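Student: What shape does this take:
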Amino acid sequence: MRTAFLPAIREGFANLRRSPGRTLLRWLAKGILGFVAISLALVLIYKWVPVPITATMLLDEKVWEEGGLTKDWESLDNIDRNLVTAVIAAEDGKFCTHNGFDTEAIAKAAARNLQGGRIRGGSTITQQTAKNVFLWQGGGYFRKGMEAWFAFLIEQVWGKRRIMEVYLNVAETGIATYGAEAGSQRYFGHSAARMTRSEAARMAAALPLPKKRPVVNPGGFTRRYGNMIAARMGVVRRDGLDSCVYD
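Tutor: Okay, the predicted model is just below:
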């Protein structure tokens, strides 16, 4: 009985090791470890190296219709502080104080979405940067989960100043146009290094829908929103809500 029982146990463990479920788990673990390693490597590289291209740019139909995209990478030192202040006023007033996620904004967006209508997000500048650099546009829980992972990483590795620098260089600022410098040249005919408060506010107002919202001579909602952003910019500067980018 005893000698027959031990081989049966050994055979059972051998079968378990050969089972499809165990093989699947092993490959799944390898896939997760590989993803973590690649994502960490990319985040470390982009801490220092300009982002050359993104999925958003490659999947932008207007880029192909226009025969290419216009983008110019610029150091944050060469981007006017007015634009930094404007995007914080427009997109993420808590940029300097949150850890990548604005839980209050997310909760409010979820409550609005439950009421129906157009789906709204509560994304911070950090989350938008993570999506724009490493992922693709569109919704879905899987993509949002990956966005959260990359947002966490860049907060830990890049810091606020680098996040803002990358955000302003990869954000879509017009049809087949990406980055603050290309957008400033397109709309105002001069470098992003010298943007007025009004220009910065108008560009920030158009950022969520740059293909539809005019930056030059805006009217209606875009004009009113730009004026509101310009007014908020004074609060951002007065209360030091952009200080983490420059301290």
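Student: Check which element follows the helix or strand of the chain with the lowest mean pLDDT along the chain.
Tutor: In the chain, no helix or strand scores lower on mean pLDDT, DSSP states H and E than helix 2-18, which sits at a mean of 57. Using DSSP states H and E, the helix or strand that follows helix 2-18 towards the C-terminus is helix 20-46.
Student: Quick check: buried residues in that next one?
Tutor: 42-43, 46 (16 or more other CB atoms under 10 Å). Placement of C-beta: from N, CA and C, glycine included.
Student: Just give the closest residue to Arg197, not the sequence neighbours.
Tutor: Asn82 (5.2 Å; CB to CB, 6 or more residues apart in numbering).
Student: Please disregard the earlier target; I meant Glu66.
Tutor: Counting by CB to CB, 6+ apart, the residue nearest Glu66 is Ala176, at 4.0 Å.
Student: Next, that neighbour: phi, psi?
Tutor: Dihedral angles of Ala176 (phi, psi; degrees, to the nearest 10) stand at phi 60, psi 30.
Student: so how far is Lys212 from it?
Tutor: 14 Å (CB to CB, to the nearest Å).
Student: Show me the strands in the chain, by range?
Tutor: With DSSP state E as the criterion, the chain has strands at 70-71, 172-174, 177-178.
Student: For Gly93, which of these is the nearest?
Tutor: Nearest to Gly93 among these is strand 172-174 (20.9 Å), distances taken as CB to CB.
Student: Can you list the strands that the closest one pairs with?
Tutor: strand 177-178 (antiparallel) (DSSP bridges).
Student: what does the partner strand contact?
Tutor: Outside strand 177-178, the residues within contact range by CB atoms under 8 Å, 6 or more residues apart in numbering are 57, 69-71, 169-172, 183, 186, 210.
Student: Check the offset of that strand from the chain's centre.
Tutor: 15 Å (CA atoms, centre = their mean, to the nearest Å).
Student: what mean pLDDT does that strand have?
Tutor: Strand 177-178 carries an average pLDDT of 96.
Student: Pick out whichever of Ala176 and Lys212 has more residues nearby.
Tutor: Ala176 (21 against 9; other CB atoms under 10 Å).
Student: distance of the more buried one from Glu65?
Tutor: For Ala176 relative to Glu65 (CB to CB), the value is 8 Å.
Student: Go ahead and confirm Pro218 touches Ala206.
Tutor: Yes: using CB atoms under 8 Å, Pro218 makes contact with Ala206 at a distance of 7.5 Å.
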